[in-house]
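generate a structure from the sequence data that follows.
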Amino acid sequence: MFDIRFTDHALDDLQTFPEAERQWILTALELQLMVNAAEESRDRRRIRPDMLAEWAVRLGEVRVFYDVDIPNRTVKVAAVGKRMVV
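Below is the predicted model:
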């Protein structure tokens, strides 16, 4: 199991969501990342390395960007946001 930790930026991002949606995001995130954080799936993929994060998970319209430290079994959530439809 992975320990999920949030950066200050990610915590600020979460505050922009209504409470019910925030709780849904946290629950869905636990389900997606607690066991298989570094394994690609339909909703979870490795993205181009950049300054934000190496991984992204899709939770409906929400995107969560994170890094995985496999030896320490830790996930660091860097950012949380809603997909903008243009």
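
give me the low-pLDDT residue ranges for this structure?
Applying pLDDT under 70 to the chain flags residues 85-86.

hey, where'd the strands end up in it?
Assigned by DSSP state E, the strands in the chain fall at 3-6, 44-46, 55-59, 62-69, 74-82.

tally of neighbours for Leu29?
Neighbours of Leu29 under the rule other CB atoms under 10 Å: 22. (Glycine included, C-beta is placed from N, CA and C.)

contacting residues for the spatially closest residue to Asn36 that is not a sequence neighbour?
Excluding the flanking residues, the one nearest Asn36 by CB to CB, 6 or more residues apart in numbering is Arg44, at 7.3 Å. Contacts for Arg44 (CB atoms under 8 Å, 6 or more residues apart in numbering) come out as 32-33, 36-37, 55-58.

middle-most residue in this protein, spatially?
Nearest to the geometric centre of the chain sits Val64, at 3.2 Å (CA atoms, centre = their mean).
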